[in-house]
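A.B. asks: Prediction below, plus the sequence it came from.
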Amino acid sequence: MNKNDFKLKVFSLSERLYPMVARMLGNATSTEDAIQDIMMRLWDKRKHLEHHPNITGFVFLTARNYCIDVLRKNKSIVDDATPYLKVLKSGEDHKDVEWEELNTIIQNVLKALPEQQQEVFMMRDIDGYAFTEIAVAMAITVEHARVLLSRARKQIGIVLENTYSYERGDY
């Protein structure tokens, strides 16, 4: 794989990697360093990449594994999704309180979910990845990724329904 092929097929994916890496590592500086390290590792493996059947999947899997290695090395797990769950707020104070309450409820539900469900939910609904990309990055099947997302959404829905139906008096 020459320099131009690498730019087109691999380096062009660095912008799509950014949300996942940022979520996993937690800050912009670490994310930028990680993206650079990941690209350097992929550059070193460029001869093997040109014959790989799914280059995009390999790039995402490499990025995810790199982040997991960094987190294990630092022994700090980032589970605060606050920056990614923030919703544009309206000018009304009571709406701000409602959005903050909703975000807090969702964050608490996410923390209680199994790790795979959390990750699939974040990658699909927050980062916007396709099921095929999620499946390759997590080394699972597309069907399993869909099931994990469905279960996560269902659990979030149950908690939200219980919370808000209680407030309506429908219990």
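C.D. replies: All right, it came through fine.
A.B. asks: What's the separation between Thr31 and Leu113?
C.D. replies: 24 Å (C-beta to C-beta, to the nearest Å). All C-beta atoms are positioned from the backbone trio N, CA, C, and that covers glycine.
A.B. asks: Check Thr56 too.
C.D. replies: From Thr56 to Leu113 the distance is 27 Å (C-beta to C-beta).
A.B. asks: per the record, what domains does this protein have?
C.D. replies: 3-74, 88-168 (automatic domain parsing).
A.B. asks: Show me the shaky parts of the protein.
C.D. replies: For the chain, the stretches with pLDDT under 70 are 75-95, 166-171.
A.B. asks: So which residues of it form helices?
C.D. replies: Ranges of helices within the chain are 3-9, 14-25, 28-44, 46-49, 55-74, 82-85, 93-112, 115-121, 131-138, 142-168, based on DSSP state H.
A.B. asks: Now mean neighbour count too, for those, in TSV please.
C.D. replies: Output for these, formatted as TSV (neighbours: other C-beta atoms under 10 Å):
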stretch	mean neighbour count
helix 3-9	13
helix 14-25	19
helix 28-44	15
helix 46-49	13
helix 55-74	17
helix 82-85	13
helix 93-112	13
helix 115-121	20
helix 131-138	21
helix 142-168	14
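A.B. asks: From the chain's centroid, how far away is stretch 5-13?
C.D. replies: 21 Å (C-alpha atoms, centre = their mean, to the nearest Å).
A.B. asks: Residues contacting it, please?
C.D. replies: Contacts of stretch 5-13 with the rest of the structure, by C-beta atoms under 8 Å, 6 or more residues apart in numbering, involve 1, 39, 42-43, 46, 49-50, 55-56, 59-60.
A.B. asks: one more time with 6 Å, if that's ok
C.D. replies: Residues from elsewhere that reach stretch 5-13 (C-beta atoms under 6 Å, 6 or more residues apart in numbering): 42, 46, 55, 59.
A.B. asks: In those residues, find the pair that's most separated.
C.D. replies: Across the contacts of stretch 5-13, no pair lies farther apart than Arg46 and Val59, at 11.6 Å, counting by C-beta to C-beta.
A.B. asks: how far away is the spatially most central residue of the chain from Trp99?
C.D. replies: When the chain is reduced to its mean C-alpha position, the closest residue under C-alpha atoms, centre = their mean turns out to be Met123, at 3.2 Å. Distance of Met123 to Trp99, computed by C-beta to C-beta: 23 Å.
A.B. asks: How about Arg16?
C.D. replies: For Arg16, the distance to Trp99 - C-beta to C-beta - is 28 Å.
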